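Engineer: Give the three-dimensional model of this entry:
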Amino acid sequence: MSDTPTLGQDLARLEEIVRKLEDDDLALEAALQLFEEGVARLKTAQSRLAVAEARVMQVLQDTEQANGLRLEPLDG
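Structural biologist: Down below sits the predicted model:
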């Protein structure tokens with residue numbers, strides 16, 4: 001089993017970090033450390049989502065070519 005957090009774990013931790021950063025009693029140094037961790041986890045999550053999106057797009061393209069289907073994105 002890998003020690004790398006899952007996307008869900010990263011998102012849960014980001015929510016926890018935001019809650020902690022909103023606390024008025026948080027010391028500056030602790031806030032900076034949490035902020036740095038949050039930025040790193042956000043970058044990791046964005047990267048994972050980009051990879052997943054590329055995989056989905058490839059599957060859709062392969063399906064279109066193999067079956068002669070024309071698939072349109074839902075958001076466009």
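Engineer: so where's this structure uncertain?
Structural biologist: Applying pLDDT under 70 to the chain flags the ranges 1, 69, 71-76.
Engineer: and the residue positioned nearest the centre of it, what does it touch?
Structural biologist: Centrality entry for the chain: nearest residue to the mean C-alpha point is Ala45, 2.6 Å, by C-alpha atoms, centre = their mean. Contacts here follow C-beta atoms under 8 Å, 6 or more residues apart in numbering; on that basis Ala45 touches 7, 10-11, 14. C-betas here are computed from N, CA, C, even on glycine.
Engineer: Also Ala31?
Structural biologist: Applying C-beta under 8 Å, 6+ apart, the residues near Ala31 are Leu21.
Engineer: just to revisit the earlier point, where does the residue nearest to the centre of the chain land in three-state SS?
Structural biologist: At Ala45, secondary structure determined by DSSP: H, G, I helix; E, B strand; the rest coil is helix.
Engineer: how far away is it from Thr4?
Structural biologist: 12 Å (C-beta to C-beta, to the nearest Å).
Engineer: and which of the contacts of Ala45 is nearest to Glu53?
Structural biologist: Closest approach to Glu53 among the contacts of Ala45 (C-beta to C-beta): Leu7, at 12.4 Å.
Engineer: quick one: the closest one and Glu64, what's the gap?
Structural biologist: Here Leu7 is placed at a distance of 27 Å from Glu64 (C-beta to C-beta).
Engineer: hang on, the earlier thing: what subset of the contacts of Ala45 is buried?
Structural biologist: 10, 14 (16 or more other C-beta atoms under 10 Å).
Engineer: Dump the contacts of Ala45 to a markdown table, plus secondary structure and distance to Leu28.
Structural biologist: Converted to a markdown table, the contacts of Ala45 look like this (DSSP: H, G, I helix; E, B strand; the rest coil; distance: C-beta to C-beta, whole Å):
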| residue | secondary structure | distance to Leu28 |
| --- | --- | --- |
| Leu7 | helix | 30 |
| Asp10 | helix | 25 |
| Leu11 | helix | 26 |
| Leu14 | helix | 20 |
